[in-house]
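In: Just a sequence and a predicted model for now, questions to come.
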Amino acid sequence: MPEMPEVETIRRTLTGKVEGRKITRIEIGLPRLVKWPTAHEFQALITDRTVVTLQRRGKYLLFYLDNDYVLVIHLRMTGRLYYVNPGTTYDRFTHLIFTFDNGDLLLYADTRTLGTLYLLPQAELWRISGLVSMGPEPLSAEFTLDYLINMLSKRKAAIKSILLNQHLIGGLGNIYVDEALAIAGIDPERVANSLNATEAQYLYQAVNQVIADGIAHGGTTFRDYRDGAGQSGSHQYHLNVYGRTNEPCHRCGTAISRKEVAGRGTHYCPNCQK
DNA sequence: AATTCAGCCTGTGCGC
DNA sequence: TGCGCACAGGCTGAAT
């Protein structure tokens, strides 16, 4: 579900609420969501720990605790985190409940239950392979035009597949990849190493732009996504192609097409994207 | 090493 | 109201 702008928005809406708060109680309704260690150990190690800081890497949220452990949460497709006041009701998809020393709650809800939670010492974060092997993020100092050009030159998969690969670029997902390719005017099925320097530069700028805009708009809410306070984002009102199948292209009026690329539903303008 | 793809889950929306 | 199917914002691990 959430991509980097959504996870960053969640981080921003939660950080002031949870930093400095002690977790006094945890209820785990679906133990299999806890991937490391056992749910029982997870519960014991978190109880009575204080959240020192809340960070993000790609689509992972990292709650650094005062016992040198880190609570790592990946929301996958439908995971949600809500910070709520005591007495707030919650639905049957709420699988973990963290209670803080002021009585407030952090709810982890997940319809499809694909989300994952870990608790590891800082020195053992390497156990989360998707976290340690993540590529540079858009808008970061490491994500340079040279990096993108060099990386693309070695790849012959579809550009859509490359942009979705978290090992190569961290944080992009299906929405923002489709949007970046639309802004850059590049066909999602183009072989990565076929892009020339100009196209790579357009793509570089487009990737940074869609991520920055997504964050500025508080993320994209289609169905499940909400921020840490339960609020919807507004980037869905600024999309060029995603979810706009058969609607006119904002640039040329041609109907937006949809097809499967890299195993994902892909939206594009057949006239503007070459 | 790079790439593809089934599998993991449960829900919503549509055509009939 | 029900049934079957397509689709869903992501990632992992196995096979090629």
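Out: Noted; the coordinates are in hand.
In: List the contacts of the strand or helix carrying A:Glu179.
Out: Following DSSP states H and E, one finds A:Glu179 within helix A:174-184. With contact meaning CB atoms under 8 Å, 6 or more residues apart in numbering, helix A:174-184 is reached by A:3-5, A:159-160, A:163-164, A:172, A:187-188, A:199, A:202-203, A:205-207, A:209-211, A:214, A:220, A:239-242, A:264-269, A:272-273. Quick note: C-beta positions are derived from backbone N, CA and C, even for glycine.
In: close to DNA strand B, is that helix?
Out: No: using CB under 7 Å from any atom of the strand, helix A:174-184 never reaches DNA strand B; the gap is at least 12.3 Å.
In: And the helix or strand following that helix, how far out from the chain middle?
Out: Per DSSP H and E, helix A:174-184 leads on to helix A:197-216 as the next helix or strand towards the C-terminus. Taking the mean of its C-alpha atoms, helix A:197-216 sits 17 Å from the chain's own mean (CA atoms, centre = their mean, to the nearest Å).
In: Just the buried ones among the contacts of helix A:174-184, please.
Out: Buried members of the contacts of helix A:174-184, counted by 16 or more other CB atoms under 10 Å: A:3-5, A:159-160, A:163-164, A:172, A:187-188, A:199, A:202-203, A:206-207, A:209-211, A:214, A:220, A:239-242, A:266-269, A:272-273.
In: Pass me the low-pLDDT residue ranges in chain A, would you?
Out: A:1 (pLDDT under 70).
In: Follow the chain on from the lengthiest strand in it and name the next helix or strand.
Out: For chain A, the strand with the greatest residue count under DSSP state E is strand A:49-57. Moving toward the C-terminus from strand A:49-57, the first helix or strand encountered (DSSP H and E) is strand A:60-65.
In: Now do that next one: everything it contacts.
Out: Under CB under 8 Å, 6+ apart, the answer for strand A:60-65 is A:7, A:10-11, A:18, A:46, A:49-56, A:70-75, A:81, A:122, A:128, A:130-131.
In: Please report how far A:Leu239 lies from DNA strand B.
Out: Distance check for A:Leu239 against DNA strand B: by CB to the nearest atom of the strand, to the nearest Å, it reads 18 Å.
In: Show me which residues of the stretch 101-250 of chain A sit near DNA strand B.
Out: Checking the stretch 101-250 of chain A against DNA strand B by CB under 7 Å from any atom of the strand, the hits are A:111-114, A:154-158, A:161-162, A:192, A:223.
In: Most neighbours of all the residues you listed, which one?
Out: A:Ile162 (24 neighbours; other CB atoms under 10 Å).
In: Many thanks, I have nothing further to ask.
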